[in-house]
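K.L.:
Fold the following and give me the result.
(2 chains)
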Amino acid sequence: GQQVMQIPQYQHVQEGEDFTTYCNSSTTLSNIQWYKQRPGGHPVFLIQLVKSGEVKKQKRLTFQFGEAKKNSSLHITATQTTDVGTYFCAPGLLNAGGTSYGKLTFGQGTILTVHP
Amino acid sequence: DTGVSQNPRHKITKRGQNVTFRCDPISEHNRLYWYRQTLGQGPEFLTYFQNEAQLEKSRLLSDRFSAERPKGSFSTLEIQRTEQGDSAMYLCASSPRWFGSTDTQYFGPGTRLTVL
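P.N.:
Residues are numbered from 1 along each chain as shown, chains lettered A, B, ... in the order given. Below is the predicted model of the structure:
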């Protein structure tokens, strides 16, 4: 599978501060998904990015896919205590025919703590 | 639609015993995945099915692990002769297959296995 490195591993912020996590790969990615896992919970899908340079927004969350499709980022504006959890990036695979190839390879994740 | 369900939620067993976990995917999702997650790590792929066919099995999976999806609906994951290193959260996910991009995966709550 395609390996990715997520940084930082941990991030502590005060409520209201911004937060960014980065996902980097040494190889070109077909697409990338982002998941959030609350403490004690299971991963929940947030977004999928497919196109080079793609930017998608969900309320206070902004997701970017790099022009070279080797990196991605998640930015949260004005964090809230409900943002606490671990954020994972997971590159997906497409086979030569462009058909989805379901296995996901998760990064190590960034653990976000928000202090009220 | 009640989402992906997994049973049991917790399992404590003694080393050397066999255990079996069950996963019920979202109805009409034809892909089903098993992952394993240990503390501080992202989910690690184990195997996946498309309908009843097991399409891929991780090389990390020893012969003590076997998974089935006999009728293309629910799936079972069996671990024989459990070892303490098998202690982890076992996550199941399902997805509908659609052409051209990686499926969004919907995770169940997981089964937490503790091997004493």
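K.L.:
Do a quick rundown of the strands in chain B.
P.N.:
Taking DSSP state E, the strands of chain B run over residues B:5-7, B:10-13, B:19-24, B:31-37, B:44-50, B:53-57, B:65-68, B:75-79, B:88-95, B:106-107, B:111-115.
K.L.:
Now A:Asp83: phi and psi?
P.N.:
phi -80, psi -10 (degrees, to the nearest 10).
K.L.:
re the thing from before, can I get the strands of chain B in TSV including mean neighbour count and distance to chain A?
P.N.:
Quick note: C-beta positions are derived from backbone N, CA and C, even for glycine. As requested, these are exported to TSV (neighbours: other CB atoms under 10 Å in any protein chain shown; distance: least, CB to the nearest CB, whole Å):
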stretch	mean neighbour count	distance to chain A
strand B:5-7	17	9
strand B:10-13	14	12
strand B:19-24	19	12
strand B:31-37	24	5
strand B:44-50	21	5
strand B:53-57	14	6
strand B:65-68	17	14
strand B:75-79	20	14
strand B:88-95	24	6
strand B:106-107	22	4
strand B:111-115	18	10
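K.L.:
Switch those strands over to TSV; also include mean pLDDT.
P.N.:
TSV is the format used below for the strands of chain B (pLDDT from 0 to 100):
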stretch	mean pLDDT
strand B:5-7	97
strand B:10-13	98
strand B:19-24	98
strand B:31-37	95
strand B:44-50	93
strand B:53-57	90
strand B:65-68	96
strand B:75-79	97
strand B:88-95	95
strand B:106-107	93
strand B:111-115	98
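K.L.:
Dump these into JSON lines; add distance to A:Gln80 as well.
P.N.:
JSON lines is the format used below for those (distance: least, CB to CB, whole Å):
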{"stretch": "strand B:5-7", "distance to A:Gln80": "29"}
{"stretch": "strand B:10-13", "distance to A:Gln80": "31"}
{"stretch": "strand B:19-24", "distance to A:Gln80": "33"}
{"stretch": "strand B:31-37", "distance to A:Gln80": "25"}
{"stretch": "strand B:44-50", "distance to A:Gln80": "30"}
{"stretch": "strand B:53-57", "distance to A:Gln80": "39"}
{"stretch": "strand B:65-68", "distance to A:Gln80": "39"}
{"stretch": "strand B:75-79", "distance to A:Gln80": "36"}
{"stretch": "strand B:88-95", "distance to A:Gln80": "26"}
{"stretch": "strand B:106-107", "distance to A:Gln80": "23"}
{"stretch": "strand B:111-115", "distance to A:Gln80": "28"}
